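# A predicted structure for the sequence below; I have some questions about it.
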Amino acid sequence: MTRTRTTMLAVGAVTAVTAAVLVPGAAGAATAKGIPVVKVNLGTSTSLSRTHLRPGRVTFEVHSRADHTLQIASLHKGYTLADANKDINAGFGGDAAAIRRADKNVNFKGGSEARKGHPSRVTVYLSAGTYLAVNFDNGASKAFTVSGAAVNRKTVATNSRITMLTYGFDSPSRIHRQGVMRLSNRSDQPHFLVMQHVRRNTTYAQVKKAFANMSGPQPKFVLKSGTDSGVLSNTKTQAFSYRLPAGRYVIACFWPDDETGMEHAAMGMFKIITLY
């Protein structure tokens, strides 16, 4: 299960050439008292400080020596990680049937991005089952189990929120530049969030034009800060920490559409907001 930088972010001109993107996110407080914290190390392999948990809310503290994104997911019976890799990669090549198979057979629970010196935290609700913690940039994964009686753990306090809809976003026009975000998916297919810093005078017309030419050069309005979340299946929610410079941002989703095979951003799933 890979969602590489060159595959995932370069599909959108706004987030292309991500080797230059800085992600100053910090671990922050995306957890609450009583919620277990699992330390995750992402690299050529993926390691977890714990591999067995009770059902309920769980916080993953993500560490990496490079720019990597954690994805928490479970697979339907009979559908393997090799199947998921094949279908997701084909989906990013425009194969709508392949991405429909992935959407149907992978339960995407979310995740967050981290890089060297800048860990992040993400809290999700996990019911009983077997899960994978995946480095969504190179596919390195580690399995863990959730079993036993569910624990009613407290919710995480958040100071911003974004809801992903069918080809759109419900969010305030201004949100805090740092803190903990409640990110929800209220559509009929998976989405993930990219937040890309852009110049203050960037317009919707410029962004739309850039997304209409995905293979074109990186637009001049793109700046060197941003972050992204893991993928969330429909009805799922996560809370994740972030810290970014104040300014103007494009938020977008690049997951392939289950009917057209196009990245959602190219179909108009983007919005310009301000972080203050």
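In hand now; what should we look at?

# so who does the residue nearest to Lys86 when sequence neighbours are not counted touch?
Closest residue to Lys86 apart from its sequence neighbours, by C-beta to C-beta, 6 or more residues apart in numbering: Ala98 at 7.4 Å. From N, CA and C alone the C-beta is placed, and that goes for glycine too. Residues in contact with Ala98 (C-beta atoms under 8 Å, 6 or more residues apart in numbering) are 86-88, 90-91.

# ditto for Asp103
189-190, 233, 258.

# Next, give me the two most distant ones among those residues.
Ser233 and Asp258 (12.1 Å; C-beta to C-beta).

# ok, then the element right after the host helix or strand of Arg121?
Using DSSP states H and E, Arg121 maps to strand 120-126. Next helix or strand after strand 120-126 toward the C-terminus (DSSP H and E): strand 129-135.

# What pairs with that following strand, parallel or antiparallel?
strand 68-75 (antiparallel), strand 141-146 (antiparallel) (DSSP bridges).

# related to what we said a few turns ago, restrict the strand holding Arg121 to CA atoms and write it as PDB.
Output in PDB follows, covering the C-alpha atoms of strand 120-126 (Å, rounded to 0.1, in the frame of the first residue of the first chain):
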ATOM      1  CA  SER A 120       3.000  14.400  14.800                       C
ATOM      2  CA  ARG A 121       0.100  12.800  16.700                       C
ATOM      3  CA  VAL A 122      -3.100  11.400  15.300                       C
ATOM      4  CA  THR A 123      -6.000  10.000  17.300                       C
ATOM      5  CA  VAL A 124      -8.500   7.600  15.800                       C
ATOM      6  CA  TYR A 125     -11.200   5.200  17.000                       C
ATOM      7  CA  LEU A 126     -10.400   1.500  16.500                       C
END
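
# and that strand, how far from the chain's centre?
Centroid separation for strand 120-126 versus its chain: 12 Å, with C-alpha atoms, centre = their mean, to the nearest Å.

# Taking strand 129-135 as reference, get the angle to it.
For the pair strand 120-126 and strand 129-135, the angle between their directions (axes from the mean of the first three to the mean of the last three C-alpha atoms, to 10 degrees) equals 160 degrees.

# tell me the mean pLDDT over strand 120-126?
Here strand 120-126 scores 98 as its mean pLDDT.
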